[in-house]
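Colleague: sharing a sequence plus its predicted fold:
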Amino acid sequence: MRGVWTADQVRAAEQRVFTRVPESRLMRIAAYAVANEVLALLAARTGGTSGRRVGLLVGAGNNGGDALWAGAFLRRRGVSVTAVLLAPERAHAAGLAAFRRAGGRVGDSVAGADVVVDGIVGLSAKGSLRPDAAALVESVTAPIVAVDLPSGVDPDTGAVDGPHVEAAVTVTFGGRKPCHVVGPGAVACGRVRVVDIGIGDDLDEPYAVLLDAEDVADAWPIPGPSDDKYTQGVTGIAAGSATYPGAAVLATGAAVLATSGMVRYAGTAADVVRSRWPEVVATGHVGDSGRVQAWVVGPGLGTGQAGRQVLADVLAADVPVCADADAITLLAGDPTLWDARDPDTAVVLTPHDREFARLAGDVGPDRIAAARRAAARSALSCCSRATPPSSPPPTAGSSSTSRGPRGPPPPAPATFSPASSAPCSPPASIPGSPPAAPPTRTNSPPTSPPTAPPPPPRTSRPPSPTPSATFAASDLRGIYASMVGVYTVRARLGGSS
């Protein structure tokens, strides 16, 4: 399970750490991580690092400072680095001085760069890129490594409303922010790497959490020698119709393949379901289905009186329900249907944006807040569709107006081989020396990668409590299977309303 924190939560944690550790130390740890990601990307794209070219897009504030310090570390690895200062008078002074001492150059273009670092704006920024920054990003043809978040993406919602950066890699610090996991921002981030800079123990409880496959596996009931179909979970499917029999077949099949202890189907497509899945117990009506421990209702059901009655019967069954598609439309159009449900019975809604709007108003730019709003309104769980963070990035050259291309995804950042891709030296003071001449494009001799700097000391905080289980184990299988069925139907039917 991975936490997600808002920009304000992260800034508050940083301020607590700054009372014990100099801010400059955290900046250099962050910049070191950015530099290593750039080295990995250079090695993956060009076969080496020494003599390669990197461009920095540097704005005012700490993100620009991170980029400049990263450029200084890259110079120490033999990389030719050029920085474009979008606000020269407000550039991070210490970072710029270190960059220049290391032999970095300040210019007005990143043309010809093998990799570009986006340090234009950080967590405090809102809105799209300004015209001068947008023009620079539009000119980029190399993959971009974003510092903390792609510039032009809202940190707390992942929304974009104009020109913004599309990164190959985003290096963020301390923990994920909402922009890394939801909305168009999740796609613009590319691959997200979270770097520990020593603020983890000072973060408040997460604003949201991401479930990993391991988390689902831990909750998934595994049958033992004494289990039967009821202890494993019986899933009921109330979906499909004479008009949409495919919805019934797909939802039922998903429940079967999700290894429910038993699957029962109730509806007018019973013959079609039975012919495709003979192990399913199929009947014509919910009332005739027998014992069911979790229902999925809605896909292809219809929104007429017959569909309304099916939904009412399912809600009255006093077992967990996953409601989708036509079930959501019916609930939005007739709130009295909720009266059939015991208030303590779990209901999960899985709307796309248009269904969500019918139920709880427009989603708006903040998808997490909208889902919470809908859940609070009806005292249930709402799974508003979020952009998958793992969405593959486009190849170089496929970006849209004022968005830098991302290029191919690099290998895992912890792998540095051959020696030319070894990480740069840990943060340390860069001695004053005359600017070095631009290096030749050759690979470095083999060297042993140095040990990364330890994060600053932490204070002790109690661990976050593990969320308590909402359903019994047998119910979980039915709910998971139901949700798998819903999304399978959505994928096959195109999510139409």
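Modeller: It's in.
Colleague: where along the stretch 101-250 of the chain do the helices fall?
Modeller: With helices called from DSSP state H, counting those that start in this stretch, the stretch 101-250 of the chain shows them at 131-139, 183-188, 213-219, 229-232, 245-257.
Colleague: which SS class is Y265?
Modeller: strand (DSSP: H, G, I helix; E, B strand; the rest coil).
Colleague: tally of neighbours for it?
Modeller: If you count neighbours by other CB atoms under 10 Å, Y265 ends up with 28. For glycine as for every other residue, the C-beta is placed from the backbone atoms N, C-alpha and C.
Colleague: which SSE is the nearest residue to it once chain neighbours are set aside in?
Modeller: Excluding the flanking residues, the one nearest Y265 by CB to CB, 6 or more residues apart in numbering is A282, at 4.3 Å. Under the criterion of DSSP states H and E, A282 resides in strand 281-283.
Colleague: what packs against that strand?
Modeller: strand 262-266, helix 270-276 (3 or more CB pairs under 8 Å, 6 or more residues apart in numbering; DSSP states H and E).
Colleague: pLDDT score assigned to the residue nearest to Y265?
Modeller: Looking at A282, its pLDDT stands at 96.
Colleague: start at 50 instead
Modeller: Okay, using 50 as the starting number, the last item reads as A331.
Colleague: show me what contacts it?
Modeller: Residues in contact with A331, defined by CB atoms under 8 Å, 6 or more residues apart in numbering, are 313-315, 319-320, 322-323.
Colleague: do you know how far it is from G316?
Modeller: 8 Å (CB to CB, to the nearest Å).
Colleague: tell me, what's touching those two both at once?
Modeller: In contact with both A331 and G316: V322, using CB under 8 Å, 6+ apart.
Colleague: isn't G356 right next to D375, touching?
Modeller: Yes - G356 is within contact range of D375, at 5.7 Å (criterion: CB atoms under 8 Å).
Colleague: of these two, which one has the most company?
Modeller: Remark: of G356 and D375, D375 carries more neighbours, 26 against 21, as counted by other CB under 10 Å.
Colleague: what about the more buried one, distance to L105?
Modeller: Counting by CB to CB, the gap from D375 to L105 is 52 Å.
Colleague: tell me, how many residues neighbour A142?
Modeller: Using other CB under 10 Å, A142 is surrounded by 10 other residues.
Colleague: tell me the pLDDT at it?
Modeller: At A142, pLDDT is 96.
Colleague: neighbours of R65, how many?
Modeller: Other residues near R65 come to 14 when the count uses other CB under 10 Å.
Colleague: for it, what are its contacts?
Modeller: Counting by CB under 8 Å, 6+ apart, R65 has contacts 248, 251.
Colleague: from what I can see C228 touches T206, true?
Modeller: Yes - C228 is within contact range of T206, at 7.0 Å (criterion: CB under 8 Å).
Colleague: give me the buried positions along the helix ranked longest in the chain.
Modeller: Assignment by DSSP state H gives helix 72-95 as the longest helix of the chain. Residues of helix 72-95 classed as buried: 74-95 (neighbour count, 16 or more other CB atoms under 10 Å).
Colleague: from the contact counts, what lies against the helix or strand that that helix is followed by?
Modeller: Per DSSP H and E, the first helix or strand lying C-terminal to helix 72-95 is strand 102-107. Judged by 3+ CB pairs under 8 Å, 6+ apart, the packing partners of strand 102-107 are helix 111-125, strand 129-134, strand 164-168, helix 180-188.
Colleague: give me whichever of the ones you listed is most buried.
Modeller: Comparing those by mean neighbour count (mean count of other CB atoms under 10 Å), strand 164-168 ranks first with a mean of 32.
Colleague: pick out the residue closest to the middle of the chain.
Modeller: Note on the chain: the residue nearest the mean C-alpha position is V230, at 2.2 Å, using CA atoms, centre = their mean.
Colleague: need phi/psi at that one.
Modeller: When read as degrees, to the nearest 10, the backbone of V230 gives phi -130, psi -20.
Colleague: again with A409
Modeller: Residue torsions, per degrees, to the nearest 10, at A409 are phi -140, psi 20.
Colleague: skipping adjacent residues, who's closest to it in space?
Modeller: A423 (3.8 Å).
Colleague: please report how far that neighbour lies from D373.
Modeller: Separation of A423 from D373 (CB to CB) stands at 14 Å.
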